[in-house]
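**Q** can't give you the sequence, but here's the structure:
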C-alpha cells in the first residue's frame, strides 16, 4: 500500500475527517499511481491519519474510506461497509410500508464515489469516480453476499464521469432485472424503470417530503411541476386532493405517472397530465386556479461558474408560482443544486415574496433523508433543500 504524507498546515481537514484530500495537501505524489490504488495517509511525523484510494492526479487526489490502520482492503472491507449502511436503513427506513431507499451514499457511507439504491429486491449502482470504478467487481460480490438481491443493474451514465474521463456504463451486472420494478414507499406503490428512468429510476431522496405533503392536500387543487413519474401526485390524490395536474417535459414519464395512479387504484378523473415545459406552462396559468403548487425541478446550477444563470431559473419558476397562488396557498419548492445553499434559497424566496407583494411564512424545512445521511464535515455533499411555504 502506498504511503502519502500530508503537509502539517493542511492536515486539519483530514484530522476532522473530511473525506477529500486535495493535491496541494500532499508533500509528494509518486509517479505511475493507478486510480483505485489503496493509500495510507500519514502526518509529517509519520503518524497514521487515514486510508483511502488514489483517484487521479487532478485536484481531488485521494478519497478517504477508513481510519483503521490495520484494515485490509479485500472483499470483507466492502462487506463490512455495506452491512453497516444496510443496518442503519433497516433500522430507521425499511418497514412493511417501505422497501426502497438509498443503500450507499458515497463518501457519507465510507465508499466515496459510489451510489447504490435499493428498489425492492433489486439494486442499482453508480460509479462516479475512476478510483471506485476499479473496485466494482469486489463491490458486486460483496452486495451479493450481504444483500442477496435478485439483480444488480449499473447506471453509471452520469455527467460527472466526463470529468473523470470515464465512459458511461449501463447494464446488468448480476441476476436479472425486470423492465419495471414495483416498489413500496410509505404504503404507496410505484413502477420504477431503472433501465431508462432518470438518475437510478426514482427520486428516493424526496420520500420524507412526499410524506410531509399529505397534511396539506385535502380538498386542494394541486399543480405538480416537474412531476416525473407522478410520485407527489399519487400522495396528493390519495390524501384528498380535489384535482391534480402533473406537468413534465417527458411524455414517457407522464405515461408511467398514469400507470402509477392506476397502480394505487386512484381516480383518474381527478387527474390531468400535461406534457410541456414548466416555465411555459406557468406563464399561461390563470391566477388562483391552484391553491397548492409543487416545484421539484432538476438542478438548475450544475456548475458553480453558472450560478447566476441557474438562479434566474429558480427565480422564474418560483416567482410565477407565488404570483398565481391565492391567499393561504401552499408552495412546496425544492432545489437539488449543491451550489445553492439553504440560506441563499431562502433569501431568493424572500426577495420574490417582496416582488409579488405577499408575506411568506415558512411552515417546514427539509434537507436530506435518513438514507441520504451526511458526514458532519462534508458540506460539499449537501444538495437537497425543500421549503413548505404559505402565502
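**A** Looks like it came in fine. Keep in mind it's a predicted model, so treat the numbers as computed, not measured.

**Q** what distance separates the start and the end of stretch 177-194?
**A** 9 Å (CA to CA, to the nearest Å).

**Q** should've said stretch 347-366
**A** First-to-last residue span, stretch 347-366, CA to CA: 16 Å.

**Q** quick one: that stretch to chain centroid distance?
**A** How far stretch 347-366 lies from its chain's middle: 25 Å, per CA atoms, centre = their mean, to the nearest Å.

**Q** cool, and stretch 294-305?
**A** Using CA atoms, centre = their mean, the offset of stretch 294-305 from its chain centre is 12 Å.

**Q** Stretch 331-349 now?
**A** With CA atoms, centre = their mean, you get 15 Å for stretch 331-349.

**Q** Give the buried residues for that stretch.
**A** 331-340, 342, 345-346, 348-349 (16 or more other CB atoms under 10 Å). Any C-beta I mention is one placed from the backbone N, CA and C, and that applies to glycine too.

**Q** mind checking the end-to-end distance for that stretch?
**A** End-to-end distance of stretch 331-349: 11 Å, with CA to CA as the criterion.

**Q** What is the nearest of the buried residues of stretch 331-349 to residue 186?
**A** residue 332 (16.0 Å; CB to CB).

**Q** who does that closest one bridge with?
**A** On DSSP bridges, the residues paired with residue 332 through beta bridges are residue 294, residue 388.

**Q** what's it in contact with, if anything?
**A** By CB atoms under 8 Å, 6 or more residues apart in numbering, the contact list for residue 332 reads 209, 213, 216, 232, 292-296, 386-389.

**Q** do residue 307 as well
**A** With CB under 8 Å, 6+ apart, residue 307 has these contacts: 301, 339, 340.

**Q** Make JSON lines out of these and add pLDDT, distance to residue 85 and secondary structure.
**A** As requested, the contacts of residue 307 are exported to JSON lines (pLDDT from 0 to 100; distance: CB to CB, whole Å; DSSP: H, G, I helix; E, B strand; the rest coil):
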{"residue": "301", "pLDDT": "92", "distance to residue 85": "29", "secondary structure": "coil"}
{"residue": "339", "pLDDT": "93", "distance to residue 85": "27", "secondary structure": "coil"}
{"residue": "340", "pLDDT": "95", "distance to residue 85": "27", "secondary structure": "coil"}
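
**Q** mind listing the strands for the stretch 1-150 of the chain?
**A** Taking DSSP state E, counting those that start in this stretch as the criterion, the stretch 1-150 of the chain carries its strands at 2-5, 20-22, 38-42, 48-54, 60-66, 100-105, 114-119, 122-127.

**Q** Which of these sits closest to residue 265?
**A** Each of the strands of the stretch 1-150 of the chain has some distance to residue 265 by CB to CB; the shortest is strand 100-105, at 19.8 Å.

**Q** Output the lowest mean pLDDT helix or strand found in this protein.
**A** helix 160-163 (a mean of 86; mean pLDDT, DSSP states H and E).

**Q** For the helix or strand just after that helix, buried residues please.
**A** Downstream of helix 160-163, the first helix or strand assigned by DSSP states H and E is strand 169-175. With burial defined by 16+ other CB under 10 Å, the residues of strand 169-175 counted as buried are 169, 173, 174.

**Q** export those residues to JSON lines and tack on pLDDT and distance to residue 76?
**A** What follows is the buried residues of strand 169-175, written out as JSON lines (pLDDT from 0 to 100; distance: CB to CB, whole Å):
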{"residue": "169", "pLDDT": "93", "distance to residue 76": "26"}
{"residue": "173", "pLDDT": "98", "distance to residue 76": "20"}
{"residue": "174", "pLDDT": "98", "distance to residue 76": "19"}
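
**Q** Out of those residues, the closest to residue 94 would be?
**A** Among these, and counting by CB to CB, the member closest to residue 94 is residue 174, at 21.1 Å.

**Q** Residue 286 versus the closest one, what's the distance?
**A** Distance, residue 174 to residue 286, by CB to CB, to the nearest Å: 52 Å.

**Q** what about the strands in the stretch 251-391 of the chain?
**A** Going by DSSP E, counting those that start in this stretch, the stretch 251-391 of the chain shows strands at 271-275, 292-295, 330-335, 361-366, 385-390.
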